[in-house]
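Colleague: Fold the following and give me the result.
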Amino acid sequence: MERALITGVAGFIGSHLAAELLCRGWAVTGLDVRSPVSDPVAGENLAELTGDPRFQFVAGDVTGGDLAMVCEGVRAVFHLAGLPGVRRSWGDRFGD
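Modeller: Residues are numbered from 1 along each chain as shown. Sure thing, here's the model as predicted:
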């Protein structure tokens, strides 16, 4: 079984991509800083995925830490993580 990593999986696009990959027989590791436990929108987006044993959610930030663990055994990476809204990505957080 092929495994994909999706950063930003708790967002609308990331969660729908994960659902489609699961339908196509892939295993999915989803990485996001937004937790489905503390963020209601993330929880809603991931609700259908969390019951699938082929889906693994990892709470984390792509801007820090070692990502080697989540990349282990991964065939494809879909990098969708980012700050929502263009204005928030400029200024002090541009380096992120």
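
Colleague: Give me the next element, helix or strand, following the lowest-mean-pLDDT helix or strand in the chain.
Modeller: One helix or strand of the chain scores below all others by mean pLDDT, DSSP states H and E: helix 68-71, with a mean of 89. The helix or strand immediately downstream of helix 68-71 is strand 76-79, counting by DSSP states H and E.

Colleague: got the CA coordinates for the lengthiest helix in the chain in PDB?
Modeller: In the chain, with assignment by DSSP state H, the single longest helix is helix 12-23. Provided in PDB are the C-alpha atoms of helix 12-23 (Å, rounded to 0.1, in the frame of the first residue of the first chain):
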ATOM      1  CA  PHE A  12     -10.600  22.100   3.400                       C
ATOM      2  CA  ILE A  13      -8.400  21.200   0.500                       C
ATOM      3  CA  GLY A  14      -6.000  18.900   2.500                       C
ATOM      4  CA  SER A  15      -8.900  17.000   4.100                       C
ATOM      5  CA  HIS A  16     -10.600  16.400   0.800                       C
ATOM      6  CA  LEU A  17      -7.300  15.300  -0.800                       C
ATOM      7  CA  ALA A  18      -6.800  12.800   2.100                       C
ATOM      8  CA  ALA A  19     -10.300  11.400   1.600                       C
ATOM      9  CA  GLU A  20      -9.800  10.900  -2.100                       C
ATOM     10  CA  LEU A  21      -6.400   9.200  -1.600                       C
ATOM     11  CA  LEU A  22      -8.000   6.900   1.000                       C
ATOM     12  CA  CYS A  23     -10.700   6.100  -1.500                       C
END
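
Colleague: Pull the residues that contact that helix.
Modeller: Applying C-beta atoms under 8 Å, 6 or more residues apart in numbering, the contact partners of helix 12-23 are 4, 6-9, 28, 30, 32, 45-46, 48-49, 52, 54-55, 78, 80. All C-beta spots, glycine's among them, are computed from the backbone N, C-alpha and C.
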